[in-house]
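**Q** Got a predicted structure here, sequence first:
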Amino acid sequence: MPALIDRIPEGRRVESHRPWPRIIVTPEAWHKVADEVAAGRATLLGLWGETASVHMAIIDETSGAIAVVTIECPDGRFPSVGRNHPPAIRLERAIQSLFGLEPEGLPDARPWLDLGFWDVRHPLGALSKAHAHEEYAFLPAEGENLHQIPVGPVHAGIIEPGHFRFTANGETIVRLEQRLGYAHKGIELLMAGASIDRATRLAARTSGDSTVAYALAFAQAVEGAQVTKVPLRAVYLRAIMAELERLANHLGDIGAICNDASFSLMHAQCGILREQTLRTASDCFGHRLMMDCVIPGGVANDLASNGVTRLGDLLKDVRRIFPKLVELYDNTASLQDRTVTTGIVRPALVRQFGAGGYVGRASNRSFDARRTPGYAPYDRLSFEVPVLESGDVNARVWIRIREVEQSLSLIERFIEQLPAGPVCTGINSIGVSEGLGLVEAFRGDVLVWIRLNGDRVVRCHLRDASWFQWPLLEAAIEGNIVADFPLCNKSFNCSYSGHDL
Amino acid sequence: MRNPVTEPAPVKDDVALAELAGIVDRAARQRLGRSLSIREIDAGSCNGCELEIHALGNAFYDLERFGLRFVASPRHADVLLVTGPVTKNMREALERTYKATPDPKWVIAVGDCAVDGGIFAGSYAIVGGVSGVVPVDLHIRGCPPTPLQLLKGLLALMEK
């Protein structure tokens, strides 16, 4: 197959876009790229707007090549990608709601993120005063004996806000429809015109559980745009933080999934390991979640003087206890009864949506941004990316278990190889420049695209892994019982804030 | 049957935590007779505060030993623990949750952005602070506040 870039029809290449190309194309060429994506010959990485243009990022999963294609839409319209490729639908609904650009042929034109509570319409585009509140039409489900269960935005647990509309036949769910946007804070507009420092802090608060991954993706985008080389020690410290974040989240999730199957012992034990991980992070880097520790140019602070010892102790503790918990999970029939064959996602659907993280890897999609396209220091050493095929809650638990083991091993090797030297360098300031970063957060790949003018952000787009996972939860739950929804939902653990922006 | 695989509970080596635990415990007994029900509401936070509120329930902090517990419905709650800058999309839900909570009730706003919108202040999409929507009895700052800071805040409310 020809290289990704050669499959994109002729267009105008934007020279200041790094490290991957951006090409401004005609509507015909845009259609062709959309067809490539719909046919599965390239994977949709992102689709986002500007005042009068729309960008589509795609990746060739075999070579790891990434490209951004842009269509200019001075008349406020662009050909819908979602028309032939369902994973693009919510992204295009969001573009329509935020920018007022119309995706021509989009099969679902209902607003997304805009729930009718803002004073303005199209806040990121040609802004206008909001219309009167319109009733949102949920998709119908017709038949005898069907009833609806509305849930949220305030949920029963300590979790983020979102609305789930279930249609059930007795206990069996026949349709779940999500309505999201309750956590929409307007991050992308706050970023426009902000200094790099302020935008870094905003990026770090896009999804608090992935603050390291977001800060890292943002830093990658800025450093790519401004051609800045990060000191090697900082590269390693970033990776240690990223793996600590993955470790803490996976430990929390494994416990919480079991808790949603009423097996609280795992929850309590995993909670202890998670807490120890956060305390270690705090001792090493000064913040339990490591917020604001990764910055463009490097890291904010060097590893604490006793950091290597603290990390070593953590690895020892987790390695002593975690295998027993894995054994407990594996040998508790009542727990397995809840997780095995529950909430199955078909591999074909995962492939079509380009769903990453444990959702993808539990359904046979091995994509991991640490490997494809790959970034330092992961490109210097080998590690396993676990993959399973059954696509159920159990598989999503096992992917996490295997990734905990991989993260422990990665942290150990990062400490061994940790080079000496400075931990931060200044960012160049080279006028208008554009960059793209792709980082593997604990739940999947996070994409950040940025346009800078000197040290100011002109436009920044952040795409959470959840965009391509949330829709699959709707598919996974079909035919399951209502009582298994919390279990399925937790096994996905999609981000609300990261999605809602 | 197998023997329990449970590891021994972690040693209370954190002097500050132990001391604080004592104070919270006494205050809770005195004021509430060992019972305070908390309903958490995420009004558009980044989820950072939720992670640390969750941590209050782990074996290290073990909130329930003080009689403080999280409940699933506002109708069972004495305290609303609200996080986030209050997005406009969550304002109505917050108001309705407040109204569904029986009197007497207290509201604690958690996190820097729950005070005045914090880093998100000025956005078209946020109200900017919990007190713009419901009366707030106490703010616990931090981004996010640590579990210890959260415990201190709950103590402050009980001694108010």
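**A** Yep, it's here.
**Q** In the stretch 51-200 of chain A, mark out all the helices, start to finish.
**A** According to DSSP state H, counting those that start in this stretch, the stretch 51-200 of chain A carries its helices in the segments A:89-99, A:187-191, A:196-203.
**Q** The shortest one packs against which elements?
**A** By that I understand helix A:187-191. Secondary-structure packing of helix A:187-191 (3 or more CB pairs under 8 Å, 6 or more residues apart in numbering or on different chains; DSSP states H and E): helix A:196-203, strand A:456-463. Placement of C-beta: from N, CA and C, glycine included.
**Q** Where does the prediction get shaky in the chain?
**A** You didn't pick a chain, so chain A it is. Within chain A, the segments meeting pLDDT under 70 span A:1-2.
**Q** wait, I meant chain B there
**A** B:1-14, B:28-29, B:31-34, B:160.
**Q** surely residue B:111 meets residue B:50?
**A** No. Applying CB atoms under 8 Å as the test, residue B:111 and residue B:50 come out as separate, 9.7 Å apart.
**Q** Now do the shared contacts for these two.
**A** Common contact partners of residue B:111 and residue B:50 (CB atoms under 8 Å, 6 or more residues apart in numbering or on different chains): residue B:83.
**Q** In chain B, which residue sits closest to chain A?
**A** Closest residue of chain B to chain A, CB to the nearest CB: residue B:48 (2.7 Å).
**Q** Would you check that that residue makes contact with residue B:111?
**A** Yes. In this structure residue B:48 lies within contact range of residue B:111 using CB under 8 Å: 7.4 Å.
**Q** Give me the common contacts of the two.
**A** Common neighbours of residue B:48 and residue B:111 are listed as B:143, B:144 (criterion: CB under 8 Å, 6+ apart).
**Q** thought residue A:206 was touching residue A:464?
**A** Yes. Between residue A:206 and residue A:464 there is a contact at 7.3 Å, judged by CB under 8 Å.
**Q** Overlap of the contact sets of the two?
**A** residue A:498.
**Q** give me phi/psi at residue A:378?
**A** Backbone torsions for residue A:378, taken as degrees, to the nearest 10, come to phi -60, psi -20.
**Q** now swap in the one 3 residues further on and tell me
**A** As for residue A:381, its main-chain torsions (degrees, to the nearest 10) stand at phi -140, psi 160.
**Q** For it, grab the count of nearby residues.
**A** 12 (other CB atoms under 10 Å in any protein chain shown).
**Q** quick one, strands of chain B?
**A** Here chain B has its strands, by DSSP state E, at B:36-42, B:68-70, B:79-83, B:106-110, B:138-140.
**Q** Just name the most buried of the ones you listed.
**A** Ranked by mean neighbour count, the strands of chain B are led by strand B:79-83 with a mean of 27 (mean count of other CB atoms under 10 Å in any protein chain shown).
**Q** what packs against that strand?
**A** strand B:36-42, helix B:48-55, helix B:88-99, strand B:106-110, helix B:112-116.
**Q** and the first one, anywhere near chain A?
**A** Yes. Figure legend: strand B:36-42 in contact with chain A (CB under 8 Å from any CB of the partner chain); contacting residues B:40, B:41, B:42.
**Q** Ok, which of the helices and strands packed on helix A:187-191 comes nearest chain B?
**A** Among these, helix A:196-203 comes nearest to chain B, with 5.9 Å by CB to the nearest CB.
**Q** buried residues in the helix or strand that comes right after that closest one?
**A** Per DSSP states H and E, the first helix or strand lying C-terminal to helix A:196-203 is helix A:211-225. Of the residues in helix A:211-225, A:211-225 count as buried by neighbour count, 16 or more other CB atoms under 10 Å in any protein chain shown.
**Q** Stretch B:58-69 now?
**A** Within stretch B:58-69, the residues scored as buried using 16+ other CB under 10 Å are B:58, B:60, B:61, B:63, B:66, B:67, B:68.
**Q** Repeat that for stretch A:441-461.
**A** The neighbour-count check on stretch A:441-461 (16+ other CB under 10 Å) flags A:441-452, A:457-461 as buried.
**Q** again with stretch A:339-351
**A** Result for stretch A:339-351 [16+ other CB under 10 Å]: buried residues A:339, A:342, A:343, A:344, A:345, A:347, A:349, A:350, A:351.
**Q** Kindly report the same for stretch A:107-118.
**A** For stretch A:107-118, using 16+ other CB under 10 Å, the buried residues are A:111, A:112, A:113, A:114, A:115, A:116, A:117, A:118.
**Q** For residue B:147, list the residues it contacts.
**A** B:52, B:55, B:56, B:60, B:61.
**Q** Centroid-nearest residue for chain B?
**A** For chain B, residue B:81 is the residue whose C-alpha lies nearest the centre (CA atoms, centre = their mean; 4.3 Å).
**Q** Give the bridge partners for that residue, please.
**A** Residue B:81 has these beta-bridge partners by DSSP bridges: residue B:40, residue B:108.
**Q** Quick check: the gap between residue A:445 and chain B.
**A** 18 Å (CB to the nearest CB, to the nearest Å).
**Q** Repeat that for residue A:491.
**A** Distance, residue A:491 to chain B, by CB to the nearest CB: 17 Å.
**Q** same thing with residue A:283?
**A** As defined by CB to the nearest CB, residue A:283 lies at a distance of 13 Å from chain B.
**Q** Quick check: which of the helices and strands packed on helix A:187-191 is nearest to residue A:67?
**A** strand A:456-463 (15.4 Å; CB to CB).
**Q** Which helix runs longest in chain B?
**A** Scanning chain B for the longest helix, with DSSP state H as the assignment, gives helix B:15-32.
**Q** May I see the domains of chain A written out as residue ranges?
**A** A:4-128, A:187-469 (automatic domain parsing).
**Q** The first one near chain B at all?
**A** Which is domain A:4-128. Yes. Using CB under 8 Å from any CB, domain A:4-128 reaches chain B at A:115, A:117, A:118, A:119, A:120, A:123.
**Q** related to what we said a few turns ago, what about the buried residues of stretch A:441-461, which are in strands?
**A** Per DSSP E, those map to strands at A:441, A:444-452, A:457-461.
**Q** If we ignore the residues flanking it in sequence, what's nearest the residue of chain B closest to chain A?
**A** Leaving aside its sequence neighbours, residue B:48 sits nearest to residue A:208 (CB to CB, 6 or more residues apart in numbering or on different chains; 2.7 Å).
**Q** ok, now residue A:87?
**A** Spatial nearest neighbour of residue A:87, chain neighbours left out: residue A:353 (4.5 Å); criterion: CB to CB, 6+ apart.
**Q** Out of the helices and strands packed on strand B:79-83, which gets nearest to residue B:129?
**A** When these are compared by CB to CB, helix B:112-116 sits nearest residue B:129, at 4.4 Å.
**Q** Please identify the buried residues of the closest one?
**A** By 16+ other CB under 10 Å, the buried positions in helix B:112-116 come out as B:112, B:113, B:114, B:115, B:116.
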